[in-house]
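Enquirer: Turn this into a structure:
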Amino acid sequence: MIKLKKQQQKTSCSDSGFTIIESLVAIIVVAILLTAIAPVLVMSTATRVQARRVELATQAAKSFIDGVRTGAIAAPSQTIEVAASSTSDPRRIADVAGTPPITGRPEDYLVNDLTKMALPSSASGLYCFTRSGNITTTDCTNKPFEYYIQAARITVPGSSANDGYRLAIRVYRADVDFTKTRTASTGQSNKKTQNSFTGNLGDRQAPLLEMTTDISSTSTSFRALCQRLGVATNTACN
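Expert: Below is the predicted model:
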């Protein structure tokens with residue numbers, strides 16, 4: 001009986017796999033690529049987080065305004081008085097040429113005067129927007145919350161409850177440190193609100209949002225609105 005001799009199969013180069021050197025080269029290439037794109041990934045993530053912060057701060061401000069308008073949230077106790085608009089002292093946000101010309105007073109419309117609306121020195125007197133969407137003025141240090149809301153009423157001398165007011169708002173992050181320097185805008189050329197685009201964690205000492213809006217009722221007269229908001233020409237508020 002003739003026995004067949006089993007032939008030994010030769011291993012081809014294609015089946016031999018990667019060598020240690022080839023594996024190390026691949027690891028080095030991947031590491032270089034990750035190092036190159038890491039800053040872009042970090043910046044992209046930081047921008048998305050910051051944009052989300054600003055978006056939620058805007059929602060918190062809108063919820064606060066709606067609550068004040070409906071009476072569900074008590075109006076702020078701090079009052080900022082501005083002179084009533086008149087023929088001799090008209091109010092406009094920007095300069096208007098004419099005879100006589102009108103000098104714009106943006107500080108009467110915007111939250112840009114730290115002497116009128118001072119920077120918050122503590123959590124006392126601030127509203128807190130909680131993670132559940134509620135707004136409270138108590139136990140801000142004990143409940144989980146997202147934002148501090150600083151608010152004040154802008155009125156003219158002699159205003160009554162029916163005349164309404166302008167509501168000034170600043171929204172700060174919950175991790176603001178009151179023991180360190182806080183900032184806020186002091187004019188259009190010196191804006192301090194946080195940008196939605198950032199490559200870092202953002203400035204927690206600066207407000208995410210600053211805004212004003214008018215709060216009025218069905219009993220608010222046109223004269224009250226005129227004195228508070230101003231007119232287009234040098235005419236009296238009748």
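
Enquirer: Which residue is the nearest non-sequential neighbour of residue 140?
Expert: Counting by CB to CB, 6 or more residues apart in numbering, residue 140 lies nearest to residue 128, which is 4.0 Å off, once chain neighbours are set aside. Using the backbone N, CA and C atoms, a C-beta is placed for each residue, glycine as well.

Enquirer: ugh, wrong one, I meant residue 149
Expert: Nearest residue to residue 149, sequence neighbours excluded (CB to CB, 6+ apart): residue 127, at 4.0 Å.

Enquirer: dump the residue contacts of the one you found.
Expert: 64, 73, 135, 136, 137, 148, 149, 150, 151 (CB atoms under 8 Å, 6 or more residues apart in numbering).

Enquirer: Name the helix or strand for the first one, please.
Expert: Element membership for residue 64, per DSSP states H and E: helix 20-70.

Enquirer: Give the next helix or strand downstream of that helix.
Expert: For helix 20-70, the succeeding helix or strand toward the C-terminus, using DSSP H and E, is strand 79-81.

Enquirer: which stretches of the chain form helices?
Expert: Applying DSSP state H to the chain gives helices spanning 20-70, 222-229.

Enquirer: who does residue 150 bridge with?
Expert: Assessed by DSSP bridges, residue 150 has beta-bridge partners residue 170.

Enquirer: tally of neighbours for it?
Expert: 23 (other CB atoms under 10 Å).

Enquirer: How much space separates the spatially closest residue to residue 230 that is not a sequence neighbour from residue 218?
Expert: Nearest in space to residue 230, with sequence neighbours left out and distances taken as CB to CB, 6+ apart, is residue 91 at 3.2 Å. Going from residue 91 to residue 218 by CB to CB, to the nearest Å gives 24 Å.
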